[in-house]
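> Sharing a model prediction with you, sequence too.
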Amino acid sequence: MDPARELLHSWTIPVDENIFHLTLHREDLTSLYPGMIRYVLEATGPGRLPAHFITNTYEYSPLQPGSAESAARKTAEIWGGELGRDPDELFRQYARSPSVHPSGPAADLVIIQGSPRPDGNSAILATWAVNAAHEAGRTAAVIYPHDLDIHPCIGCYQCYNTGTCVFDDDMGSVIAAVRGAQLVIVCSPVYTNTVPAGLKLVIDRMQAYHAERALNEGRTDQKALMYSVAGRKGEENFTCIIRVLLGFFHTLGITPAGEVLIDSADTVHDIRMVPGKEQAVKTQVRQLL
């Protein structure tokens with residue numbers, strides 16, 4: 001995405017024999033969210049990495065005083081004074097190299113195994129998919145959200161400033177794995193009519209990946225599959241799961257390409273006893289890899 005950019009103000013600040021520049025731009029991100037505006041303050045000077053202050057309108061709740069524009073303009077006023085007094089200190093605090101996204105397991109297939117039970121029916125679905133990938137000569141990695149340190153999303157919207165989350169935890173490696181995969185599969189049991197809590201953490205925190213893709217024009221060639229197991233009988237038990245996962249895939253910018261839904265698990269207990277399901281999983285994985 002290339003947001004519409006408007007220069008609001010520019011300053012030239014001479015300090016000894018050096019010339020420093022401050023610019024404040026307004027960027028229209030309404031293609032992402034209604035009324036989202038981002039303000040980018042940049043300081044540049046000879047032999048220095050640019051310093052940035054970035055904020056957007058969605059960071060400010062209705063009960064919070066001030067606004068993104070007022071914060072940006074106030075910071076510009078402060079930076080102008082600091083550049084005149086001690087430019088080295090300002091650049092030391094705020095200049096950063098371009099963000100480098102962390103790497104994750106390089107795999108053709110990435111499976112997010114949403115169940116906290118490592119030996120349950122969702123794990124069986126994941127195993128079928130891994131075996132199919134290996135039989136096709138492709139690589140696979142399984143992610144277990146419940147074993148990871150993942151902070152809940154707090155809805156701060158600061159990821160739309162930089163394309164990265166404010167929290168430095170295991171979610172970075174999850175995003176990296178998904179970014180590099182050709183095929184993404186989510187395996188989830190039905191927990192109280194929706195996905196388990198650990199999987200929901202991943203879904204919410206993928207907002208940062210949505211921001212990254214929106215700001216940097218991410219890839220569009222990936223596919224996704226959704227696999228789910230319900231204890232009760234009836235396809236209606238998967239209604240919320242399907243809606244949640246379709247929304248998740250939309251956030252990822254990944255095209256949904258199929259599903260395997262198995263009900264009556266409370267009666268069957270072991271889904272390996274259900275005819276045709278293993279073959280259905282393996283056929284889908286082979287076709288998409």
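Structure's in. What do you need? Numbering: from 1, shown residues only.

> Would you mark the buried spots in the helix or strand harbouring His52?
Using DSSP states H and E, His52 sits in strand 51-56. For strand 51-56, a neighbour-count test (16 or more other Cβ atoms under 10 Å) marks Ala51, Phe53, Ile54, Thr55, Asn56 as buried. C-beta: built from backbone N, CA, C; applies to glycine.

> try stretch 168-175
Neighbour-count burial for stretch 168-175 flags Asp170, Met171, Gly172, Val174, Ile175 (criterion: 16+ other Cβ under 10 Å).

> Likewise for stretch 31-50?
For stretch 31-50, burial by neighbour count (16+ other Cβ under 10 Å) applies to Leu32, Met36, Ile37, Arg38, Tyr39, Val40, Leu41, Glu42, Ala43, Gly45, Arg48.

> pretty sure Thr220 contacts Gly253?
Yes: at 6.4 Å, Thr220 counts as touching Gly253 under the criterion of Cβ atoms under 8 Å.

> So between these two, which is more surrounded?
Gly253 (17 against 9; other Cβ atoms under 10 Å).

> That one - nearest residue in space that isn't next to it in sequence?
Arg213 (5.1 Å; Cβ to Cβ, 6 or more residues apart in numbering).

> returning to that earlier point: out of the buried residues of strand 51-56, which is nearest to Ser70?
Lowest distance from Ser70 to the buried residues of strand 51-56 (Cβ to Cβ) belongs to Thr55, with 9.8 Å.

> Any regions of this protein where pLDDT drops low?
Applying pLDDT under 70 to the chain flags the ranges 1-2, 97-105.

> quick one, strands of it?
Applying DSSP state E to the chain gives strands spanning 4-15, 18-28, 37-44, 51-56, 109-113, 140-143, 183-189, 223-229, 255-262.

> How far away from the center of its chain is the second one?
Spelled out, that is strand 18-28. 29 Å (Cα atoms, centre = their mean, to the nearest Å).

> Can I get that strand as CSV, trimmed to CA atoms?
Taking C-alpha atoms only, strand 18-28 is exported to CSV below (Å, rounded to 0.1, in the frame of the first residue of the first chain):
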residue,chain,number,x,y,z
ASN,A,18,25.6,21.5,10.0
ILE,A,19,22.1,21.8,8.6
PHE,A,20,19.3,19.6,10.1
HIS,A,21,15.8,19.1,8.6
LEU,A,22,12.5,18.3,10.2
THR,A,23,9.4,17.3,8.2
LEU,A,24,5.9,16.4,9.3
HIS,A,25,3.8,14.4,6.9
ARG,A,26,0.1,13.4,7.0
GLU,A,27,-0.7,9.9,5.5
ASP,A,28,-4.2,8.7,4.7
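
> Give the buried residues for stretch 87-97.
Result for stretch 87-97 [16+ other Cβ under 10 Å]: buried residues Pro87, Leu90, Phe91, Tyr94.

> close enough to count as contact, the second one and Glu82?
Yes: if you go by Cβ under 8 Å, Leu90 and Glu82 touch, sitting 4.6 Å apart.

> circling back to that earlier point, now, which of the buried residues of stretch 31-50 sits nearest Ala71?
Nearest member of the buried residues of stretch 31-50 to Ala71, counting by Cβ to Cβ, is Tyr39, at 7.6 Å.

> Quick check: chain neighbours aside, which residue is closest to that closest one?
Ala72 (3.7 Å).

> for that neighbour, what are its contacts?
Leu24, Tyr39, Val40, Leu41, Phe53, Thr55 (Cβ atoms under 8 Å, 6 or more residues apart in numbering).

> now the third one: how far from Ala72?
It stands for Val40. Note on Val40: its distance to Ala72, by Cβ to Cβ, to the nearest Å, is 8 Å.

> Can you work out which residues contact both of the two?
Common neighbours of Val40 and Ala72 (criterion: Cβ under 8 Å, 6+ apart): Leu24, Phe53.

> got a list of what the closest residue to Pro116 other than its chain neighbours touches?
Using Cβ to Cβ, 6+ apart and skipping residues adjacent in sequence, the residue nearest Pro116 is His146, 4.2 Å away. By Cβ under 8 Å, 6+ apart, the contact list for His146 reads Ser115, Pro116, Pro196, Gly198.
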